[in-house]
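Asker: Prediction below, plus the sequence it came from.
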Amino acid sequence: MIARTLTTAGRVLATAGLLGALAAPAAATPGGPAPSPTPGPAAKTLVTDACPHKQVPPPAVDESEVPKPGQPSPTPLAVPDPPVGGAKLGGCGVVVPDGAPPVPPGIDSAGWLIADVTDGTVVAAKDPHGRYRPASTIKVLLAQVALRDLDLTTVVEGTAEDAAQEGNGAGVNVGGRYTVEQLLEGLLLASGNDAAHALARQLGGVDATLRKMNALAESLGARDTRTASPSGLDGPGMSSSPYDMALILRAALRDDRFVRIASTKQVTFPGHPPVPTTAPSTPPPPGQSPPPAPTSVAPYPIVNENRLLTDFPGAVAGKNGYTDDAKKTFVGAVDRDGHRYVIVQMFGLSQTGNTYWDQYRRLLDYGVALRGKSVGTLVAPDGSAGRPERAQEDLVVESGPSGMGNGTRLLIGLGGLGLIAVLVGAAMRTNRGR
């Protein structure tokens, strides 16, 4: 996992003091019976009951969010009142239905959420509207913008600026030629920040892409979200929330092209010609050979980092992320017993022996056990209460720039539901994601 590294131990110590109390999971879940005596994995997490992240994420541990000279610091996003999705989701601690059993042990994410997107409900959560950095999970939002605005067959040539992006890379480089679909594969499978930058160039540049991503987030009802980089690299004003990331993934899952790409386990990524180098100004010393000439890179395989696809029956799609400031993040969807569940984890510690994959499995089982109960809803793009996912008999017609117009989706209900045309746009940037 590649991320910005800390430059001094002092930053770690200073941040530990600012983040607030770290504590083991509560002995009992509000509204639930006494905890089971069965021991579970030890875990620590941020205590969020007092809403420390209602407006802004936990303090940064590096300078990645310091505005450039001459640029003002972004003001915090407004906090919606009432809370989006229902009054209970305004709670900042653990939010579960009345009578729910205890939350599984060992969940170390400061904010998490379980949603049943089949019926549009939030099943359980912790700090659902708490603002955290999304890291590479925000690439799900970038992918939607690209799918709406770009043709998958368009060829993009790699640049030195693409290749120079910090953090994870798919291998985009000077002279390489990549279709938009291949860049999306590099983005979603390998969490390539280079692919994110190449897509942003094709979308009109980084600033234009951020505007498009933020506009799309707002249209989805994601009011805690503001992107500061297309890839998820931390930047001034960057934030999202467990609730928002559930909305964002739910919207992406309605595009069959996204599901197809994000669920692919392995692809062959294009290589590139030799990268030009500047000839040395002086000849090598006597007896020393000159440096070898650059060589081309042949196509090579990249493997999807999303372990849901190999470890979880019914896995649909997901995206993981990590930065020094965001800590570990993940959003993923799994089909279970005729329902589709989306689970979000943000600001996780995910230590050895208790990875976010392990924690995802426990949260999924917990959500399935609570089926039919809810603490709120996932709002529809128009801001109304969430509607059930489309019925199986509905016909979905997806179209991009080469079809019926940029980003137009037609949902044709065979039961007389009529025709709906939805036009949307969106934009953003990442500290690596794994």
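Answerer: Thanks, I have it.
Asker: center of the protein - which residue?
Answerer: T137 (1.4 Å; Cα atoms, centre = their mean).
Asker: who's in contact with that residue?
Answerer: Residues near T137 by Cβ atoms under 8 Å, 6 or more residues apart in numbering: 232, 240, 245, 319-321, 329-331, 344, 433. Every C-beta, even on glycine, is put in place using the N, C-alpha and C of the backbone.
Asker: how far away is it from S241?
Answerer: 11 Å (Cβ to Cβ, to the nearest Å).
Asker: Helices along the protein, start to end?
Answerer: 9-19, 139-149, 160-163, 180-189, 193-202, 206-219, 242-253, 256-262, 308-311, 356-369 (DSSP state H).
Asker: For S239, name its beta-bridge partners.
Answerer: R226 (DSSP bridges).
Asker: From what I see, it and A217 are in contact.
Answerer: No. Between S239 and A217 there is no contact under Cβ atoms under 8 Å: 10.6 Å.
Asker: coming back round to it: so can I have TSV of the contacts of T137 showing distance to L378?
Answerer: Formatted as TSV, those follow (distance: Cβ to Cβ, whole Å):
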residue	distance to L378
G232	22
S240	15
M245	11
K319	18
N320	21
G321	21
T329	19
F330	18
V331	13
V344	11
G433	23
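Asker: Who wins on neighbours among those?
Answerer: G232 (37 neighbours; other Cβ atoms under 10 Å).
Asker: buried stuff in stretch 322-338?
Answerer: 322-334, 336 (16 or more other Cβ atoms under 10 Å).
Asker: An error on my part: the question was meant for stretch 264-274.
Answerer: Buried, per 16+ other Cβ under 10 Å, within stretch 264-274: 264, 267, 269-270, 272.
Asker: Show the contacting residues for L142.
Answerer: L142 is in contact with 187, 196, 199-200, 209, 213, 230-231, 427-428, counting by Cβ under 8 Å, 6+ apart.
Asker: For T323, see how far away it is.
Answerer: Taking Cβ to Cβ, one finds L142 at 16 Å from T323.
Asker: How confident was the prediction at the nearest residue to I261 once chain neighbours are set aside?
Answerer: Nearest non-adjacent residue to I261, counting by Cβ to Cβ, 6 or more residues apart in numbering: L184, 5.2 Å away. Note on L184: pLDDT of 98.
Asker: Repeat that for the one 5 residues further on.
Answerer: You'll see L189 listed with a pLDDT of 98.
Asker: What count of nearby residues applies to it?
Answerer: L189 has 26 neighbours, counted by other Cβ under 10 Å.
Asker: tell me the pLDDT at the nearest residue to it once chain neighbours are set aside?
Answerer: Leaving out its chain neighbours, the residue that sits closest to L189 by Cβ to Cβ, 6+ apart is N304, at 4.3 Å. pLDDT, N304: 98.
Asker: No further questions, thank you.
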